[in-house]
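# Show me how the following folds:
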Amino acid sequence: MTSLIFHNPKCGTSRNTLAIMQASGENPEVVEYLKTPPSREYLVELLAKMALSPRELLRSKESINDELGLDNPAVSDDKIIDAMIAHPILINRPIVVTDKGAALCRPSERVFTLLANPVSSFTKEDGEIVCDVKGP
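As a prediction, this is how the structure comes out:
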């Protein structure tokens, strides 16, 4: 399987995650999900693979979240998923899928557990050094 990242190039966490993958020898399929959002069916599949509820994947910082009232606990999972499909900016990122599973990689170092041969350490854009917990 080719690894995959749902990526937003304007997001530092997403850029760092992609860079960790590439430094680890991965050549992931990069899906700019704001331009090419996942289908509803695939989003539901991703949620199951990540063992996350739609609310846990919801990017609540976006103004459209407030406009749609998605923080209301009475809003159903189906309504949240529908909102994410209609407004992909509501999908938190980056999401990475590999042979080892799928995860929302926030923080970016969460990607280490999904890589076959992760680098032992990586310097993020801001200069922070992160290490693979299984590293030497």
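
# Can you tell me how far T123 is from R15?
Applying Cβ to Cβ, to the nearest Å, the value for T123 to R15 is 13 Å. C-beta: built from backbone N, CA, C; applies to glycine.

# actually R93, not the one I typed
Separation of R93 from R15 (Cβ to Cβ): 11 Å.

# sorry, back to before: look at T123 and R15 and report which has more neighbours.
Each of T123 and R15 has its neighbours counted (other Cβ atoms under 10 Å); R15 has more, 17 against 12.

# Distance check, that one against C105.
Distance, R15 to C105, by Cβ to Cβ: 11 Å.

# For the lowest-mean-pLDDT helix or strand in the chain, which strands pair with it and how are they oriented?
Lowest by mean pLDDT, DSSP states H and E among the helices and strands of the chain is strand 129-131, with a mean of 92. Here strand 129-131 is paired, per DSSP bridges, with strand 121-123 (antiparallel).
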